[in-house]
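S.K.: Show me how the following folds:
(4 chains)
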Protein chains: 2
Amino acid sequence: MNVINLKKQPDVEIVKLAPQSLITQIYNKLKKSLINGDLKPGEKLKIDTLKDKYDTGHTPIREALTSLVKDGLVEKIEQKGFVASNVSIKHFNEVLKTRVWIEEIAIKKSMENKEGLEAWEENLILLNHRLNKRDWTEKYNPENPDSWEMIHKKFHISLISRSGSDYLTKFCEQLYDQNLRFRFLLIKNKKNYLKRNVNREHQDILDAVLARDAIGAQKNLVKHYNITGKHFLDK
Amino acid sequence: MNVINLKKQPDVEIVKLAPQSLITQIYNKLKKSLINGDLKPGEKLKIDTLKDKYDTGHTPIREALTSLVKDGLVEKIEQKGFVASNVSIKHFNEVLKTRVWIEEIAIKKSMENKEGLEAWEENLILLNHRLNKRDWTEKYNPENPDSWEMIHKKFHISLISRSGSDYLTKFCEQLYDQNLRFRFLLIKNKKNYLKRNVNREHQDILDAVLARDAIGAQKNLVKHYNITGKHFLDK
DNA sequence: TTTCGTATTAAAAACGATTTTTTATATATA
DNA sequence: TATATATAAAAAATCGTTTTTAATACGAAA
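M.R.: Just a heads-up that it's a prediction; the model follows:
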């Protein structure tokens, strides 16, 4: 009997949203601005300026910047302050090859992991479906978990998240964000880029996953990443 | 003619040592204490207590802790403060397998990278020689770059640092430190552990590297890591 | 004209006392 | 027993100030 359980359900589901510290809020805002280019690569990030801009004290600013340094989005120069990390094709290529090396392993291990395999597959089907339904050219807005970019991230992180190593997953997430930034800042020929058939690419990865074909999944995932890479070459 | 250059050389080489901010100093001190166990896993890291202990304000303490969170040595619980990360065999195994996956690639790529290959090999020979000459049971002291533990770290990081991805190298470094902490905190039967022939293990890795045998180098590196792993099993 | 030292300025780094907010606890009430 | 409520403790953050460091400008000497 689940009468008791039903009784306990409140009329409106009260989601106790985790209280976010100012630090976290500002971390997220700065991260967004760094990724979408509102804060330009190489730009000086003065504590005082940011303090005024976000209307806080120096504590949250300094701490958010410190976190972002470890994410590789900000550089700290001892006694000289913080600067938005520079971007270059060279850096992009480094991220690209690192992702290929690591995610090849991670997707393989994720598929070999039998625990909750079916639920994982089903979730990937759902995420892919949602991606197909959305416009992938929409504006980047990390606050909206239902946006294309956020579902895209979920899809890719989910693909590699069952390796059995949370360290690896976190590292992939960092590289994902780096790559996203490069995508926004370095791709000049947007028109050409948008001709790309991303839905097909995702479908190919998913199909191989569902066929339990690890080699195929690796191949299609790498192909997906390399297609992005090609768009960094042309002006 | 290099007379001019010679003239410019001062009698005593003045090494302009990078002025370290208090943040960096305290970061290093806290890191050391977390790795060697002076700060126990699970221990509450109160800002006020640490402030008094290190005789500073809250700024350097909070920032150092924020960095250590990203290193995985400290956990931050929103609105509840900082705690020294917990350790467990499970965590160790996660780090172990992650290192194996990643360093297998990294050492292979390092060996394939022809640029400065010979200088790299020579440096590894030197580092290995120094390791042989030192007592590997000596106390952990990261302030001394000439100590066994520090040379050991240099040897291992050097082995994998030529992959062409600084992101990868940094990740390996983080995992190295995690592993070091586990080694200090989780290995109970030290007597048994010390019977291990580390010098032989390093020599085997080095020999394969010098023979330009990538497969052998991978095999011996993994073997080295797995031997450490075995010592986490017995009480 | 170049080089070097010095003064000035600006910003980073850090302090410390204080306020606000949140969590943990202890106590009392239904 | 469960649920409020009051209290205490600590985290989070503010803000004005001080110390330290780096960047710049300027002028004197080689």
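
S.K.: Name the SS class of the residue in chain A that chain B sits nearest to, please.
M.R.: Using CB to the nearest CB, the closest approach of chain A to chain B is made by A:Lys70 at 3.5 Å. From N, CA and C alone the C-beta is placed, and that goes for glycine too. Under the three-state scheme (DSSP: H, G, I helix; E, B strand; the rest coil), the conformation of A:Lys70 reads as helix.

S.K.: A:Glu75 too?
M.R.: Three states are possible here, and by three-state DSSP the one that applies to A:Glu75 is strand.

S.K.: on that earlier part again, would you check that the residue of chain A closest to chain B makes contact with B:Leu68?
M.R.: No. Because the distance of 9.6 Å does not satisfy CB atoms under 8 Å, A:Lys70 is recorded as not touching B:Leu68.

S.K.: Counting neighbours, go ahead and name the busier of the two.
M.R.: With other CB atoms under 10 Å in any protein chain shown as the criterion, A:Lys70 and B:Leu68 differ in neighbour count, and B:Leu68 comes out ahead with 22 against 18.

S.K.: I'd guessed the more buried one sits against B:Tyr27; true?
M.R.: Yes. The pair B:Leu68 / B:Tyr27 is scored as a contact, 6.9 Å apart, by CB under 8 Å.

S.K.: Distance of A:Ser21 relative to DNA strand C?
M.R.: Between A:Ser21 and DNA strand C the computed distance is 8 Å (CB to the nearest atom of the strand, to the nearest Å).

S.K.: Could you show which parts of chain A are in contact with chain B?
M.R.: With CB under 8 Å from any CB of the partner chain as the criterion, chain A meets chain B at residues A:18-21, A:24, A:59, A:62-63, A:66-67, A:69-72, A:78-79, A:94-95, A:97-98, A:101-102, A:105, A:109, A:164-168, A:171, A:174-175, A:178.

S.K.: give me the beta-bridge partners of the closest residue to DNA strand C within chain A?
M.R.: Of chain A, the residue with the smallest distance to DNA strand C, taken as CB to the nearest atom of the strand, is A:Gly81 at 3.1 Å. Taking DSSP bridges as the rule, A:Gly81 bridges to A:Ile77.

S.K.: which regions of chain A lie under the pLDDT threshold?
M.R.: Applying pLDDT under 70 to chain A flags residues A:1-19, A:234-235.

S.K.: just the helices in it please.
M.R.: Assigned helices in chain A, in chain order: A:3-8, A:22-36, A:47-54, A:58-71, A:89-112, A:117-133, A:148-160, A:166-186, A:190-193, A:198-210, A:214-230 (criterion: DSSP state H).

S.K.: May I have the third one as CSV, with CA atoms only?
M.R.: Taking Å, rounded to 0.1, in the frame of the first residue of the first chain, the C-alpha atoms of helix A:47-54 are listed here in CSV:
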residue,chain,number,x,y,z
ILE,A,47,38.8,43.1,-8.1
ASP,A,48,37.6,46.7,-7.6
THR,A,49,35.9,46.9,-11.0
LEU,A,50,34.2,43.5,-10.6
LYS,A,51,33.3,44.4,-7.0
ASP,A,52,31.3,47.4,-8.3
LYS,A,53,29.9,45.6,-11.3
TYR,A,54,28.5,42.8,-9.2
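
S.K.: Who are the packing partners of it?
M.R.: helix A:22-36, helix A:58-71 (3 or more CB pairs under 8 Å, 6 or more residues apart in numbering or on different chains; DSSP states H and E).

S.K.: let's see it at 7 Å
M.R.: The criterion is 3 or more CB pairs under 7 Å, 6 or more residues apart in numbering or on different chains; DSSP states H and E, and the helices and strands that helix A:47-54 contacts are helix A:58-71.

S.K.: Which positions within the helix it packs on qualify as buried?
M.R.: By neighbour count on 16 or more other CB atoms under 10 Å in any protein chain shown, the buried set for helix A:58-71 is A:59-71.

S.K.: any idea which of those residues is closest to A:Ile89?
M.R.: Distance from A:Ile89 was checked for each of those by CB to CB. The minimum falls on A:Asp71, at 20.5 Å.

S.K.: So for the closest one, what's the nearest residue that isn't a sequence neighbour?
M.R.: Taking CB to CB, 6 or more residues apart in numbering or on different chains as the measure, A:Asp71 lies nearest to A:Gln174, with 5.9 Å between them; neighbours along the chain are not counted.

S.K.: Distance check, the one you found against A:Lys70.
M.R.: Here A:Gln174 is placed at a distance of 9 Å from A:Lys70 (CB to CB, to the nearest Å).

S.K.: count of residues packed around A:Lys190?
M.R.: By the criterion of other CB under 10 Å, A:Lys190 has 9 neighbours.

S.K.: Get me the contact residues on chain A for DNA strand C.
M.R.: Contacts of chain A with DNA strand C, taken as CB under 7 Å from any atom of the strand, map to A:19, A:44, A:46-48, A:58, A:76, A:78-82.

S.K.: B:Arg62 versus the nearest residue to A:Glu121 once chain neighbours are set aside, what's the distance?
M.R.: In space, not counting the residues next to it along the chain, A:Glu121 is nearest to A:Leu210; the distance is 5.9 Å by CB to CB, 6+ apart. If you measure A:Leu210 against B:Arg62 using CB to CB, the figure is 47 Å.

S.K.: Repeat that for A:Glu143.
M.R.: Relative to B:Arg62, A:Glu143 is positioned 26 Å away (criterion: CB to CB).

S.K.: for A:Ile107, same thing?
M.R.: According to CB to CB, A:Ile107 stands 38 Å off from B:Arg62.

S.K.: what does A:Thr137 give?
M.R.: When A:Thr137 is compared with B:Arg62 (using CB to CB), they lie 41 Å apart.

S.K.: swap in A:Leu175?
M.R.: Computed with CB to CB, the distance linking A:Leu175 and B:Arg62 is 27 Å.

S.K.: got the phi/psi numbers for A:Tyr140?
M.R.: For A:Tyr140, the backbone dihedrals are phi -70, psi 120 (criterion: degrees, to the nearest 10).

S.K.: Cool, thanks, talk later.
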